[in-house]
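K.L.:
after the sequence you'll find the predicted model.
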Amino acid sequence: MLTTRGQENITTPRTATSITTTQPQSQTTNSTTGSPEHPQSMKSVVVVVHGDKMDAEVIKIACMFARPKQSQILALYGIEVSRKNALEDAMPSEEAKASRALQTASSIAERYDYTIETEIVKTRKFALSVVDEVSHHASSLLVVGVPYQQQCDGCSPIDEETDYILEHATCRVLLVRGCKENA
């Protein structure tokens with residue numbers, strides 16, 4: 001099936017996990033207030049998975065927040081593609097890792113009696129695509145896991161990707177920091 005979002009062609013294979021290539025889109029804004037417009041009929045929770053120990057915790061938290069309002073959950077796994085390759089190029093090892101991570105995320109959600117939608121996003125910059133997906137799905141919450149790190153001054157650094165998401169996401173963002181034992 002071939003669909004178009006923005007100016008990119010998106011090839012979606014016929015599997016349980018869809019692979020989408022995206023480029024950030026411009027948002028529609030309310031001409032009166034200048035703020036982003038979101039359809040109020042569909043609320044969803046987007047969760048970012050990386051195929052690590054944090055996935056179980058972020059999926060659990062997404063299920064806890066989604067259940068009261070019977071919201072949909074979308075789990076995203078990002079594959080960043082270098083500029084020397086086309087977004088449509090096959091990346092078998094990365095796609096296999098992504099599929100395993102999303103299958104694990106689905107299994108975790110099933111433990112909480114929840115069915116989630118999964119999507120592999122092939123993109124140049126994953127943080128931009130996360131913000132785009134949140135806006136596209138009119139999400140009310142984005143759950144992101146960050147690994148435990150501590151600097152000498154006691155602060156926990158935030159990477160560029162997470163910082164971009166916090167600054168540009170059009171919904172609430174819940175950061176889940178990993179435990180010291182899992183670092």
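P.N.:
It's in. Residues are numbered from 1 along each chain as shown.

K.L.:
and the longest helix seen in the chain, what's buried?
P.N.:
In the chain, with assignment by DSSP state H, the single longest helix is helix 92-111. Within helix 92-111, the residues that count as buried by 16 or more other Cβ atoms under 10 Å are 94, 95, 97, 98, 99, 101, 102, 104, 105, 106, 108, 109. Any C-beta I mention is one placed from the backbone N, CA and C, and that applies to glycine too.

K.L.:
quick check: which ranges of this protein have low pLDDT?
P.N.:
1-42, 150-156, 182-183 (pLDDT under 70).

K.L.:
all the helices of it, in order from the start?
P.N.:
So, for the chain - with DSSP H - the helices run 54-66, 92-111, 126-136, 160-168.

K.L.:
helices and strands around the first one, which ones?
P.N.:
Counting contacts by 3 or more Cβ pairs under 8 Å, 6 or more residues apart in numbering; DSSP states H and E, helix 54-66 is packed against strand 44-48, strand 72-80, helix 92-111, strand 141-146, strand 172-177.

K.L.:
same thing but 6 Å
P.N.:
The elements that helix 54-66 packs onto, with contact taken as 3 or more Cβ pairs under 6 Å, 6 or more residues apart in numbering; DSSP states H and E, are strand 44-48, helix 92-111, strand 141-146, strand 172-177.

K.L.:
can I get the ones you listed in a markdown table including distance to residue 56?
P.N.:
Formatted as a markdown table, the helices and strands packed on helix 54-66 follow (distance: least, Cβ to Cβ, whole Å):
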| stretch | distance to residue 56 |
| --- | --- |
| strand 44-48 | 11 |
| helix 92-111 | 5 |
| strand 141-146 | 9 |
| strand 172-177 | 10 |
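
K.L.:
out of the helices of the chain, nearest to residue 86?
P.N.:
Nearest to residue 86 among those is helix 92-111; the distance by Cβ to Cβ comes to 14.2 Å.

K.L.:
chain center to that closest one, what's the gap?
P.N.:
13 Å (Cα atoms, centre = their mean, to the nearest Å).

K.L.:
what angle separates that helix from strand 72-80?
P.N.:
160 degrees (axes from the mean of the first three to the mean of the last three Cα atoms, to 10 degrees).

K.L.:
run through who's touching helix 92-111.
P.N.:
Contacts of helix 92-111 with the rest of the structure, by Cβ atoms under 6 Å, 6 or more residues apart in numbering, involve 17, 49, 51, 55-56, 59, 63, 75, 77, 79, 116, 118, 120.

K.L.:
could you flag which of those residues are buried?
P.N.:
Applying 16+ other Cβ under 10 Å to the contacts of helix 92-111 flags 17, 49, 55, 56, 59, 63, 75, 77, 79, 116, 118, 120 as buried.
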